[in-house]
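1. Only the shape, not the letters, is given here:
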């Protein structure tokens, strides 16, 4: 599995089609993660776009170190989220100029439906609103652990930290979340 | 503490149970794919150029460092060479030689010590005078190849090597090259005589009873050579070595020009009568 992914990445460095396959494989995962971090469809679209553009730019520097490609993408996404909140939008790649592909779906309608779908998850939106007030290091571990359902080991791989550090960050993150909002979620 | 952990666990359980949105925006996915495909080729090209530069930069940096070390070392060595010359020239004996026309020909540095080769003033040829059979042959210097007769035998400067301690700024030893020079001249003289004696050219022109009046050989020049961490004083071998031999018989004189490298007599000619002129007909040759 990992060996196959390694060769797929090497192909992606030479062939745009292979890169397109990697994109298709990981788009939903990354978009889903970003959405769970930012709880906003527009921001999630922008951050996801920038994540994949950064991945394309740095693809040739990617060296296989027995860490899944998805971990690398998660790491880029984390950086882009931090960048977004620090810069508060601006300099984002606009997809407006890209001509609309021939499709039976209506983008506006699709977006409205997606927003309606997001609105249905009020409990998630409330929780994420509180999580967003925590420092980034706690936001990352809490979202990855409880919303992405990642194991401690996977989180450690994504964030490039030791498992013990992740456990401690999770513990302190939950403490902070509890302290700041003592009332029930 | 246990209570706090329990609370954390409760919070964790609550977070885990939250229903999460599973949203996918197909239009965004398609648009982004198009953008990525548009950017793929330029990015690849940029990467290729960057890759070449990436390989060139360390190589260039390495070359610059090497050049820097080379020139720095050279500069340092040049400094030491100049310093060694300066120290040598402060020595009274060397100073006197230089005032008489000697020059510092070469300086080499080995193990923090400099070796300075001092060469005497123009001494193109040495004349080995053999005026009469009663008198022993003497070695006299004559400058610029001009023939000089009956020059008094005297101890003259024939070159020296000074060992300079750069750190202590003093001369540790001066070795004169006179014995070496005399030995080499003697060898050249013998060789010249041997070639002349065996030459049919000379036998055809010069009568058998003629005696050798003079032999002129070029003064050996020296150079310093570094070998295995030590300095050697070697005779220069680049130039062609020539000698001339003068015969006298019944008031007549003959001159033979000999190429010592080729071991052959190049020319034999008669020169003016000893009573009429002290110089050969063609002194420049």
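-> That came through fine. These figures come from a predicted structure and were not determined experimentally.
2. Show the residue spans covered by the helices in the chain.
-> Defaulting to chain A. For chain A, the helices defined by DSSP state H cover A:2-12, A:16-38, A:41-58, A:69-87, A:107-119, A:122-131, A:136-142, A:152-159, A:163-180.
3. Switch to chain B, please.
-> Using DSSP H, helices in chain B cover B:2-17, B:26-89, B:92-99, B:178-197, B:200-205.
4. closest one to residue B:68 among the helices of chain A?
-> helix A:41-58 (33.6 Å; C-beta to C-beta). (Glycine included, C-beta is placed from N, CA and C.)
5. okay, the helices of chain B in JSON lines with distance to residue A:149 and mean pLDDT next?
-> Output for these, formatted as JSON lines (distance: least, C-beta to C-beta, whole Å; pLDDT from 0 to 100):
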{"stretch": "helix B:2-17", "distance to residue A:149": "8", "mean pLDDT": "72"}
{"stretch": "helix B:26-89", "distance to residue A:149": "22", "mean pLDDT": "83"}
{"stretch": "helix B:92-99", "distance to residue A:149": "91", "mean pLDDT": "87"}
{"stretch": "helix B:178-197", "distance to residue A:149": "94", "mean pLDDT": "85"}
{"stretch": "helix B:200-205", "distance to residue A:149": "111", "mean pLDDT": "87"}
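6. Quick check: which of those is buried the most?
-> Looking across the helices of chain B with neighbours counted as mean count of other C-beta atoms under 10 Å in any protein chain shown, the highest average goes to helix B:178-197: a mean of 16.
7. Stretch B:32-48 and chain A, are they touching?
-> Yes: in terms of C-beta under 8 Å from any C-beta of the partner chain, part of stretch B:32-48 sits within range of chain A, namely B:32-41, B:43-44, B:47.
8. Buried residues, stretch A:110-122. List them.
-> Residues A:110-111, A:114, A:118, A:121 are the ones in stretch A:110-122 that count as buried (16 or more other C-beta atoms under 10 Å in any protein chain shown).
9. typed the wrong thing, it's stretch B:162-173
-> Of the residues in stretch B:162-173, those with enough neighbours to count as buried (16+ other C-beta under 10 Å) are B:162-164, B:166, B:171.
10. Which residues are in contact with the residue in the stretch 51-200 of chain B that chain A sits nearest to?
-> Here the stretch 51-200 of chain B gets closest to chain A at one residue, residue B:51, 7.3 Å apart by C-beta to the nearest C-beta. Contact criterion C-beta atoms under 8 Å, 6 or more residues apart in numbering or on different chains gives residue A:60 as the residues in contact with residue B:51.
11. what's the answer for residue A:119, then?
-> Taking C-beta under 8 Å, 6+ apart as the definition of contact, the neighbours of residue A:119 are residue A:125.
12. How much space separates it from residue A:129?
-> 13 Å (C-beta to C-beta, to the nearest Å).
13. How about residue A:42?
-> Separation of residue A:42 from residue A:129 (C-beta to C-beta) stands at 16 Å.
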